[in-house]
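1. The following comprises the amino acid sequence and a computationally predicted model.
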Amino acid sequence: MGVHERRQREKESIRANILDAAFSLAKTDGWASLSIRKIADAIEYSAPVVYDYFENKEAILFEISLNGFHKLHIELLKAQKKHDTPEEQLVAIVDAYWNFAFKNKEYYQLMFGLGMQCSGKGLMKEEFSSFQDLLYDCTYDIIVKKGSNPDNACHSSHALFSAVHGLISIMMMRNDDIPSTMNKTTLDETVAAYIKSL
């Protein structure tokens, strides 16, 4: 391996370590307490080294949120591919989204700015709208199948996204006084009523 390749690999390793350390610190202490200084201490480098790789803390948060959206996108596609009808696909996609949110709380909170400022405002990537796009596709297919007006697909799918995201947000921000089974039951009933209403 040449000197250039070795340096490039070392740079990639340090960059990955910065992201891993930031995510690990957030899991322990929360996103709000994350700082460049803490990340530098965790990887045993000085703060200026971190700034060599990322302009600021927000750039680190944005990169981690991208990883989260990519992971979510993969889970949603996996769920969709397991089913044939748009109704089954819709239920599976919503369930996969719900499960991702609670298995990956730190990612979800960062991705959607729960209890903090959302990172990467204005920097949209394809994966950001993956859930909404899949909801729309299933909704459109169900509407066409039922012979209803497909012009309503956009509005309807946005309403469902809002309901699902709202339930997750309530659950994450107020988990002490709301039983988890109640919210999941509410979610299942909402999706069933939604499909019936199309």
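-> Nice, thanks for sending it over. Residues are numbered from 1 along each chain as shown.
2. Helices of the protein, residue ranges please.
-> Along the chain, the segments classed as helices by DSSP state H run 3-29, 36-43, 47-53, 57-81, 86-103, 105-112, 130-146, 153-173, 180-197.
3. which of the residues in the fourth one are buried?
-> In other words, helix 57-81. Within helix 57-81, the residues scored as buried using 16 or more other C-beta atoms under 10 Å are 57, 60-66, 68-69, 72-73, 75-76, 79-80. Where you see a C-beta, it was placed from the backbone N, CA and C, and this is true even at glycine.
4. just checking, what packs against it?
-> Packing partners of helix 57-81 (3 or more C-beta pairs under 8 Å, 6 or more residues apart in numbering; DSSP states H and E): helix 3-29, helix 86-103, helix 105-112, helix 130-146.
5. Would you mind getting the angle between it and helix 86-103?
-> Interaxial angle, helix 57-81 versus helix 86-103 (axes from the mean of the first three to the mean of the last three C-alpha atoms, to 10 degrees): 140 degrees.
6. can you list contacts of helix 57-81?
-> The contact list for helix 57-81 (C-beta atoms under 8 Å, 6 or more residues apart in numbering) reads 18-19, 22-23, 26, 31, 34-36, 39, 50, 54, 89, 92-93, 95-97, 99-100, 104, 107-108, 110-111, 119-120, 123, 125, 127-128, 130-131, 134.
7. next one: the second one
-> For helix 36-43, the surrounding residues in contact (C-beta under 8 Å, 6+ apart) are 14, 17-18, 21-22, 24-25, 46-47, 49-51, 56-57, 60.
8. returning to that earlier point: dump the helices of the chain into CSV; add mean pLDDT as well.
-> Below are these laid out as CSV (pLDDT from 0 to 100):
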stretch, mean pLDDT
helix 3-29, 92
helix 36-43, 96
helix 47-53, 95
helix 57-81, 94
helix 86-103, 97
helix 105-112, 90
helix 130-146, 96
helix 153-173, 92
helix 180-197, 90
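9. buried ones in stretch 191-198?
-> 191, 194-195, 198.
10. What is the nearest of these to Lys145?
-> Closest approach between the buried residues of stretch 191-198 and Lys145, by C-beta to C-beta: Leu198, at 8.9 Å.
11. per-residue confidence at the closest one?
-> If you check Leu198, the pLDDT there is 95.
12. let's number from 5 now, not from 1
-> Got it, the first residue is 5 from now on, which makes the last one we talked about Leu202.
13. I'd say it and Pro154 touch.
-> No - under the criterion of C-beta atoms under 8 Å, Leu202 makes no contact with Pro154, lying 10.1 Å away.
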